[in-house]
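A.B. asks: Here you go, sequence then predicted model.
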Amino acid sequence: MGSTSTLDAEISIAKLVTDGATTANPEVIEWVTEVAELTKPESVVWCDGSQDEWNRITSEMVEAGSLIPLNKDLRPGSFLARSHPGDVARVEDRTFICSENEADAGPTNNWRAPADMKAELMPLFDGSMRGRTMYVVPFSMGPVGGAITQLGIEITDSPYAVLNMRIMTRMGQSALDGITPGSEWVRTVHSVGAPLEFGQDDVAWPCNDVKYITHFPETLEVWSYGSGYGGNALLSKKCFALRIASVMGRREGWLAEHMLLLKLTDTVTDKVYHLSAAFPSACGKTNLAMLQPTIPGWKVETIGDDIAWLRPGKDGRLYAINPEAGFFGVAPGTGEGTNPVAMETLWGNTVFTNVALTDDGDVWWEGKTEEVPGHLIDWQGNDWTPDSGRPSAHPNSRFTVPIQQTPTLADEWFEQDGVPLDAILFGGRRATNVPLVAQSLSWQHGVFVGATISSEKTAAQEGTVGELRRDPFAMLPFCGYNMADYWGHWLEMGETLGENAPKIFQANSFRTGAHGRFLWPGFGDNSRVIDWVIRRVSGEVEGRVSAVGTLPAEGELNLDGIEDVRPELDELFAIDPASWLAECELTEEFFAQFGDRVPAGLRAELAGLRQRLSS
Ligand code: GTP
Ligand code: SPV
Ligand code: MN
């Protein structure tokens, strides 16, 4: 260090931290001071999560030109943000798991030794917040004090991230008060990597071409650099609630999953069921979470749309919470026809990112309305008309909205200790092979089904849309440890739960016919699938056993009112042994990457499947 001026600078940065500190916990103060001394912000703000704070930050951003206020009559309290065109989705190739041992990250994660990664990162973070405000954002994942709840702090130089974190988590003072000396909490640091030198003007969406999304599961830390978008910047979400939490869950006997969460009430008997479902990114979780049944007999209520934490309860059943407090949902394709509940949820208090702006100051995206506006400002700020020949909204454009605005929100979202699960669905986007729905033959077979999910890529990942890839448990980009060990953990959970384990199903609303159109109407009509699932769980229907699992027997799937689907049923449920056997080959190759870490139970399931297909 040496010179007096460096010392002075350090003292004044430490003073910036302590002056506004809203906690006396020395562990928090020390960590925040360390990060501030490294990143060298101009000011430090401890966030309290209040409406005043929201109003102040949004006003500052509007003033600075990084947020556009929407028409107060049409979309009160709402804003539009436009990202840099090179910062529009998660960056999986720049996402790293930094465990001490490479094998603990496994072949599906990018790995770096923690010390090496820190050495690579520190020069980038050194001074990365110059000229900016550093926000200290304490947050709770789950109700403060709940049995499954975890706490964390995100330090960020992005006011956009602060606004989103206020919607997505229980953010503010009560979370900070829960972080007591010696308690376990997750430390996350985020910088857009765009320091402002003296007098330099800011841009609307600061970010850096160099990006790092790094996780240190053994020390419960996340360091994210260079991106302001979604899961790269809202570190509570994929970084904490999935990658870090999956490691915590393995250690402590619970599961962190990329799942929606639903409450279902049989309106005749008033019996209540709960279901979770894991689908890859942009494959219909938000839509299913807000399901409006097209058949009578069911009331469907929303608990979560993206992440669920599952933990065995005192009675031996598996309990689930949605640790989040908002939706960060895909905008395109969301409309009155496909998801009226989401449209109602978005009435106001919403941050929209990368959608189009209408001439009357509202938002639009492909699929919002059938009628296409004659003129828009597109997601990049350019004039747009229907014959511009490009989408007006980015395919991964999103809305951030408080879950409490959802008209179908279940009271159980507030429940401290979660809801008992009756059924778990695994799905993906599959044009071929995978039937509309099938029940697994056992827990172990269900884990095999989850482990072998493939899905066509969507715009939520960088890369080629439509390309088929393995996405086990919809967790490929989100598992913080070796995927084969994760399968083993699922098998162990099954042993712990025994008879109390939820039933596991496979689902696919995306199968297409020879004509290339979807065979199944999907959306609200997915209630028909859920109806069969629950009637299987309650033992009301028998199903018929096939090589890949139990399918609905003739007449069991309720098709009242959509009789025109009947001719498609054969194709929707067709199991072609040859193409399934070909997929078994690919599964064997896929498993081979994990060597002898693949649990014997899954190899046995692969052998069993081949045998059933061949006989
Ligand atoms: P992440 O937030 O990225 O994790 O994804 P998500 O699974 O919540 O995605 P979402 O529900 O927003 O999926 C959006 C896309 O799936 C849109 O393009 C929808 O039109 C489409 N989609 C949703 N449900 C269905 C369905 O039942 N059938 C068909 N064909 N498409 C659907
Ligand atoms: C996903 O990609 O699965 C999302 C969006 O839910 S993000 O939070 O950006 O990861
Ligand atoms: Mn997701």
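C.D. replies: Structure's in. What do you need? Ligands and ions are numbered 1, 2, ... in the order given.

A.B. asks: wait, isn't T550 in contact with L441?
C.D. replies: Yes. Applying C-beta atoms under 8 Å, one finds T550 in contact with L441, separated by 7.1 Å. Just so you know, the C-beta spots here come from the backbone N, C-alpha and C atoms, and that holds for glycine as well.

A.B. asks: Next to ligand 3, which bits of the protein? Give me the list.
C.D. replies: Residues of the chain found near ligand 3 (C-beta under 5 Å from the ion) are 281, 306.

A.B. asks: Can you give me the domain boundaries for the chain?
C.D. replies: Listed domain ranges for the chain are 2-64+92-253, 256-324+412-614, 327-405 (source: automatic domain parsing).

A.B. asks: would you list these in JSON lines and tack on mean neighbour count and distance to ligand 2?
C.D. replies: Shown next, in JSON lines, are those (neighbours: other C-beta atoms under 10 Å; distance: least, C-beta to the nearest ligand atom, whole Å):
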{"stretch": "domain 2-64+92-253", "mean neighbour count": "19", "distance to ligand 2": "3"}
{"stretch": "domain 256-324+412-614", "mean neighbour count": "19", "distance to ligand 2": "3"}
{"stretch": "domain 327-405", "mean neighbour count": "19", "distance to ligand 2": "5"}
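
A.B. asks: export those domains to JSON lines and tack on mean pLDDT?
C.D. replies: Below are those laid out as JSON lines (pLDDT from 0 to 100):
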{"stretch": "domain 2-64+92-253", "mean pLDDT": "96"}
{"stretch": "domain 256-324+412-614", "mean pLDDT": "96"}
{"stretch": "domain 327-405", "mean pLDDT": "97"}
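
A.B. asks: closest to L74 out of those?
C.D. replies: L74 lies closest to domain 327-405 among those, at 4.3 Å (C-beta to C-beta).

A.B. asks: Now do the end-to-end distance for that closest one.
C.D. replies: When the termini of domain 327-405 are compared using C-alpha to C-alpha, to the nearest Å, they are 10 Å apart.

A.B. asks: chain center to it, what's the gap?
C.D. replies: 20 Å (C-alpha atoms, centre = their mean, to the nearest Å).

A.B. asks: which residue does this structure bring closest to ligand 1?
C.D. replies: G522 (2.5 Å; C-beta to the nearest ligand atom).

A.B. asks: Now do the contacts for the closest residue to T385 other than its chain neighbours.
C.D. replies: In space, and not counting its chain neighbours, T385 is closest to H375: 5.7 Å by C-beta to C-beta, 6 or more residues apart in numbering. By C-beta atoms under 8 Å, 6 or more residues apart in numbering, the contact set of H375 is 359, 383-385.

A.B. asks: which phi and psi does the nearest residue to E92 once chain neighbours are set aside have?
C.D. replies: In space, and not counting its chain neighbours, E92 is closest to P477: 4.9 Å by C-beta to C-beta, 6+ apart. Here is the backbone geometry of P477 (degrees, to the nearest 10): phi -80, psi 0.

A.B. asks: how near is P477 to G367?
C.D. replies: Counting by C-beta to C-beta, to the nearest Å, the separation of P477 from G367 is 25 Å.

A.B. asks: before we move on, back to that, what's the closest non-adjacent residue to the residue of the chain closest to ligand 1?
C.D. replies: S509 (4.2 Å).

A.B. asks: Spit out the contact partners of the one you found.
C.D. replies: 284, 427, 436, 518, 520, 522, 526, 529.

A.B. asks: Could you give the bridge partners of the second one?
C.D. replies: In this structure, G427 has the following beta-bridge partners (DSSP bridges): A507.

A.B. asks: correct me, but it touches I453?
C.D. replies: Yes. Here G427 lies in contact with I453, judged by C-beta under 8 Å, at a distance of 7.3 Å.

A.B. asks: and for the two, which residues touch both?
C.D. replies: 278, 474.

A.B. asks: Excluding chain neighbours, what is closest to whichever residue of the stretch 451-600 of the chain sits closest to ligand 3?
C.D. replies: Going by C-beta to the ion, ligand 3 is nearest to A460 of the stretch 451-600 of the chain, at 7.0 Å. Leaving aside its sequence neighbours, A460 sits nearest to S281 (C-beta to C-beta, 6+ apart; 3.5 Å).

A.B. asks: what's the helix or strand for the one you found?
C.D. replies: According to DSSP states H and E, S281 maps onto no helix or strand at all.

A.B. asks: Return the backbone torsion pair for the residue lying closest to S43 once chain neighbours are set aside.
C.D. replies: Closest residue in space to S43, ignoring its immediate chain neighbours: T133 at 4.8 Å, by C-beta to C-beta, 6+ apart. Backbone geometry at T133, expressed as degrees, to the nearest 10, gives phi -90, psi 130.

A.B. asks: does V545 sit in a helix, a strand or a coil?
C.D. replies: strand (DSSP: H, G, I helix; E, B strand; the rest coil).

A.B. asks: typo on my end, it should be W223
C.D. replies: Quick answer, by three-state DSSP: W223 is strand.

A.B. asks: List the residues that contact it.
C.D. replies: Taking C-beta under 8 Å, 6+ apart, one finds 117, 121, 125, 188-189, 212, 214, 216 in contact with W223.

A.B. asks: before we move on, what about G488?
C.D. replies: Per C-beta under 8 Å, 6+ apart, neighbours of G488: 597, 599.

A.B. asks: Mind checking if stretch 493-510 is in reach of ligand 1?
C.D. replies: Yes. Stretch 493-510 lies within reach of ligand 1 by C-beta under 6 Å from any ligand atom, at 509-510.

A.B. asks: Ends of that stretch, what's the gap?
C.D. replies: Where stretch 493-510 begins and where it ends lie 30 Å apart, using C-alpha to C-alpha.

A.B. asks: cool, stretch 456-475 as well?
C.D. replies: Terminal residues of stretch 456-475 lie 14 Å apart, using C-alpha to C-alpha.
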